[in-house]
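In: Any chance you could fold what I've pasted below:
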Amino acid sequence: MQFTSYDHAIFKTIEAIRTKRKEQDEVISLVDYGAGAPEATRSQEEMYQGVTKEATIAQLSSIGLKGEWAQRLYALVQKHRPQKVLELGTCCGFSAIYMAKGCRESMVYTIEGDANVAKLAQENIEEAGCENITQYVGRFQDVLPALLEAFLQIDLAFIDGHHDKEATLQYLEMLKPYLSPKAVVVFDDISWSEGMREAWDKIGSDSFFERCVDMKKLGICFVKGEMDDLV
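Out: Below is the predicted model:
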């Protein structure tokens with residue numbers, strides 16, 4: 001990956017927002033609809049109902065793509081120039097911001113399960129000056145069907161939430177009919193747990209994709225294989 005001084009200035013601006021947030025010890029109450037932890041054994045019902053917990057803004061801001069990985073996502077959007085980007089798992093909004101900055105003409109649609117976390121993300125998105133991001137709040141399985149029907153065609157999808165084997169595979173199946181002919185699907189934390197690794201192994205051998213690249217943390221799938229220089 002080769003970045004210009006303009007790109008590095010963008011990275012610096014985004015990370016300055018993250019750094020400021022990591023200094024804030026305010027506690028937020030939130031509902032976690034995901035798998036919880038790599039060793040957790042939450043049932044599908046428990047994940048759907050969610051688990052209430054507390055976290056500081058600093059802790060939340062330490063989660064998610066950063067450094068080299070965030071820059072790879074930025075570069076992928078910058079080169080692919082997708083019209084419509086869908087993200088499952090906004091968290092504090094930094095990945096969405098990287099993607100929105102990667103191509104100002106892209107529209108980024110991002111879903112966050114918890115309203116309090118979504119509010120924090122929206123503040124970060126506004127501070128970053130990203131007018132091409134639209135955020136939705138709710139469980140993925142509740143919000144996603146209507147969004148897909150409205151969007152009809154997704155050019156890039158970034159799946160970074162829930163982190164459960166069966167859920168990850170289900171989301172991919174939901175997305176498939178709405179992916180454009182040259183779509184890219186990116187999965188985060190493919191080695192996060194045994195279940196996520198099993199999900200990725202199945203995705204990586206799916207004939208729906210022409211090419212899948214295993215980067216240990218990220219898994220990148222191309223409906224049409226291309227963009228070798230990004231991976």
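In: longest helix in the chain, by residue count?
Out: The longest helix of the chain (DSSP state H) is helix 5-21.
In: partners of the next helix or strand after it in the sheet?
Out: Per DSSP states H and E, the first helix or strand lying C-terminal to helix 5-21 is strand 27-32. With DSSP bridges as the test, strand 27-32 is paired with strand 51-56 (antiparallel).
In: What helices and strands are in contact with the longest helix of the chain?
Out: Packing partners of helix 5-21 (3 or more Cβ pairs under 8 Å, 6 or more residues apart in numbering; DSSP states H and E): helix 57-61, helix 67-80, helix 94-102, helix 115-127. (Each C-beta comes from the backbone N, C-alpha and C, glycine too.)
In: I would like the residues contacting the helix or strand of the chain with the lowest mean pLDDT, please.
Out: Within the chain, no helix or strand scores below helix 44-49, which has a mean of 86 by mean pLDDT, DSSP states H and E. Outside helix 44-49, the residues that touch it by Cβ atoms under 8 Å, 6 or more residues apart in numbering are 33, 34, 35, 139, 141, 162, 164, 166, 167.
In: burial count for the second one?
Out: For residue 34, the count of nearby residues is 18 (other Cβ atoms under 10 Å).
In: try the last one
Out: Here the count is done by other Cβ under 10 Å, and residue 167 has 23 residues near it.
In: and the strand ranked longest in the chain, which strands flank it?
Out: Ranked by residue count and defined by DSSP state E, the top strand of the chain is strand 179-187. Counting by DSSP bridges, the strands paired with strand 179-187 are strand 154-159 (parallel), strand 219-222 (antiparallel).
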